[in-house]
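1. okay, here's the prediction I keep looking at, along with the sequence it came from:
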Amino acid sequence: MLAVLFILFAGMAVGCAISMVVQRHPLYSAISLIGVFISLACLYVTLAAPFIAAVQVIVYAGAIMVLVVFVIMLLSVEEEERRSMRLRSLVPIAIGLAAVFFAETAFIIFFVHKSPGTPTGNISDIGQTASIGAGLFTTYLLPFEVTSILLLMAVVGAITLARRGGLISAQVAVVPGHASYARETLNPRAYPDLTEVNADNSREAAALLGVADKTPARDHE
């Protein structure tokens, strides 16, 4: 029974992975990737690893894929246009790598299980929630804490980089190169003034609008 379920979920994972690569729309590819993650979670359940299966669904199929789909919808990414392939040599390389992958899979299925060194019978409680928790807070406590510190540093770095964008006055709009705008677009307090304003940078825009720019003495393109 477990062998049948393994083949079923493995086929679903491979099918969803192929669909993810073939799809031309990023949103459909993301949905196919969710199918891959769920299929992998089902495989972990058949391998007696419920904790990893739960993490696979909650973290990957849940949080991370929600973030990916949110970014795709926010950027309004359209369907990819079909273009002529530039590097045609990648096709035989891909076929060769796929052949190597299937050869490794066949080797594992037909030879590893028959090896005398392969353990048989009950394999303790590997993959269970209790054993993973005990390992994280005993043997692997230091790497676990280092990882948490690295994640904290990444969050602090992202906040710092985001705050660096506010170098100019809140009353001045950044003009990306030479552009023409209505005065009410650059200065909401001037509504409904449609006078054309031409500027090359934020400092010039501030001067034309009569707004004090308290940024350092350099142009912000």
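-> Thanks, I have it. Just so it is clear, the model here is predicted, and its values are computed rather than measured.

2. okay, buried residues for whichever helix or strand A41 is part of please.
-> For A41, the element it lies in under DSSP states H and E is helix 26-46. Residues of helix 26-46 classed as buried under the neighbour-count rule (16 or more other Cβ atoms under 10 Å) are 26, 29-46. (C-beta placed from N, C-alpha, C; glycine too.)

3. return stretch 91-103 as PDB; C-alpha atoms alone will do.
-> Extracted in PDB, the C-alpha atoms of stretch 91-103 (Å, rounded to 0.1, in the frame of the first residue of the first chain):
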ATOM      1  CA  VAL A  91      18.500  21.500 -24.900                       C
ATOM      2  CA  PRO A  92      20.900  18.600 -25.200                       C
ATOM      3  CA  ILE A  93      22.500  19.500 -21.900                       C
ATOM      4  CA  ALA A  94      19.100  19.400 -20.200                       C
ATOM      5  CA  ILE A  95      18.300  16.000 -21.800                       C
ATOM      6  CA  GLY A  96      21.700  14.700 -20.600                       C
ATOM      7  CA  LEU A  97      21.100  15.900 -17.100                       C
ATOM      8  CA  ALA A  98      17.700  14.400 -17.000                       C
ATOM      9  CA  ALA A  99      19.100  11.100 -18.200                       C
ATOM     10  CA  VAL A 100      21.700  11.200 -15.300                       C
ATOM     11  CA  PHE A 101      18.900  12.000 -12.800                       C
ATOM     12  CA  PHE A 102      16.800   9.000 -13.900                       C
ATOM     13  CA  ALA A 103      19.900   6.800 -13.900                       C
END
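
4. the longest helix anywhere in the chain - what's its average pLDDT?
-> Taking DSSP state H as the criterion, the chain has its longest helix at helix 141-163. Throughout helix 141-163, pLDDT has a mean value of 82.

5. switch to numbering from 3
-> Sounds good: first residue 3 from here, last item helix 143-165.

6. thinking again about what came up before, who touches the helix holding A43?
-> With contact meaning Cβ atoms under 8 Å, 6 or more residues apart in numbering, helix 28-48 is reached by 4, 7-8, 11-12, 14-15, 17-19, 21-23, 25, 52, 54-56, 58-59, 62-63, 67, 70-71, 74-75, 79, 82, 129.

7. can you check stretch 16-25 too?
-> With Cβ under 8 Å, 6+ apart, stretch 16-25 has contacts from Y30, S31, S34, L35, G37, V38, S41.

8. let's see it at 7 Å
-> Under the criterion Cβ atoms under 7 Å, 6 or more residues apart in numbering, residues S31, S34, L35, G37, V38, S41 lie in contact with stretch 16-25.

9. check which residues of that stretch are buried.
-> Across stretch 16-25, burial judged by 16+ other Cβ under 10 Å covers C18, S21, M22, Q25.
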